[in-house]
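1. Pasting the sequence and the predicted coordinates here, then a few questions.
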Amino acid sequence: MHSHEIISALENNAGVFRETLSGLPPQMLLWKAKPSDWCILGIICHLVDEEKEDFRARVKHALETPTKSLVPIDPEGWYTQRNYMEQDFQEILQCFLSERATSIKWLKGLENVNWESSLEHPDLGKISARSFLLNWLAHDYHHIRQINNLKHAYLKHSSGDSLTYAGKW
């Protein structure tokens, strides 16, 4: 995949998130299949933080200052540290969509990019800007799947129906 295709997919995914998360009943936003799972609200809060402090920041770091050490992040810890469960869903969704628009504008504005510019990750070794970009898209797909799985599980739970007629999930 070329960088412009990845960027276009990231841009399109903003619409996927917006549409798949519109009109959800309020009780679905905090629902979990298991206590250890993340709910939809938590996922969207996570996406905001990842957009700003992980993927966009790390692509920029790999392109502009690859010899400097990475700033550590704590995505798992942010869930409680940043009070994800206290956030307003509509506000946080709009925040994510705004941050994604900022990311796309920045990515599309880059010129003469060396996507092979790499930095040293403390746990994973050498990672290129291109790899961060690809993983950004993969991260989207991971959470789109996670949200759809949650929506399906919620439907099954709240309806009491087996949902077997719909096909194997």
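-> Received it, and whenever you're ready, just let me know what you need.
2. buried ones in stretch 44-63?
-> 44-51, 54-63 (16 or more other CB atoms under 10 Å). (Each C-beta comes from the backbone N, C-alpha and C, glycine too.)
3. for stretch 22-35, same thing?
-> 24, 28-29, 31.
4. sorry, back to before: now go through the buried residues of stretch 44-63 and say which are in helices.
-> If you go by DSSP state H, the buried residues of stretch 44-63 have 44-49, 56-63 in helices.
5. Closest to Gly125 out of these?
-> Using CB to CB, Ala62 is the member of those that lies nearest Gly125, at 13.1 Å.
6. would you list the buried residues of stretch 22-35 in a markdown table and tack on secondary structure, pLDDT and distance to Pro72?
-> Listed next are the buried residues of stretch 22-35 as a markdown table, based on DSSP: H, G, I helix; E, B strand; the rest coil; pLDDT from 0 to 100; distance: CB to CB, whole Å:
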| residue | secondary structure | pLDDT | distance to Pro72 |
| --- | --- | --- | --- |
| Leu24 | coil | 96 | 33 |
| Met28 | helix | 97 | 33 |
| Leu29 | helix | 97 | 30 |
| Trp31 | coil | 97 | 32 |
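7. show me where the protein has strands.
-> 118-121, 125-128 (DSSP state E).
8. Tell me which of those strands sits nearest to Arg100.
-> Comparing the strands of the chain by CB to CB, strand 125-128 comes nearest, at 21.6 Å.
9. and the nearest residue to Arg18 once chain neighbours are set aside, how many neighbours does it have?
-> Distances taken as CB to CB, 6 or more residues apart in numbering put Leu97 closest to Arg18, at 6.1 Å, once the chain neighbours are dropped. Neighbours of Leu97 under the rule other CB atoms under 10 Å: 19.
10. What does the pLDDT read for Leu97?
-> With respect to pLDDT, Leu97 scores 98.
11. ok, it - contacts?
-> 14, 17-18 (CB atoms under 8 Å, 6 or more residues apart in numbering).
12. Now neighbour count, pLDDT and distance to Ile40 too, for the residues you listed, in CSV please.
-> Output for the contacts of Leu97, formatted as CSV (neighbours: other CB atoms under 10 Å; pLDDT from 0 to 100; distance: CB to CB, whole Å):
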residue, neighbour count, pLDDT, distance to Ile40
Ala14, 18, 98, 16
Phe17, 20, 98, 11
Arg18, 14, 97, 13
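13. Tell me which of these fall in helices.
-> Short answer: those in helices (DSSP H) are 14, 17-18.
14. So for Glu76, what pLDDT did the model give?
-> Glu76 is assigned a pLDDT of 88 by the prediction.
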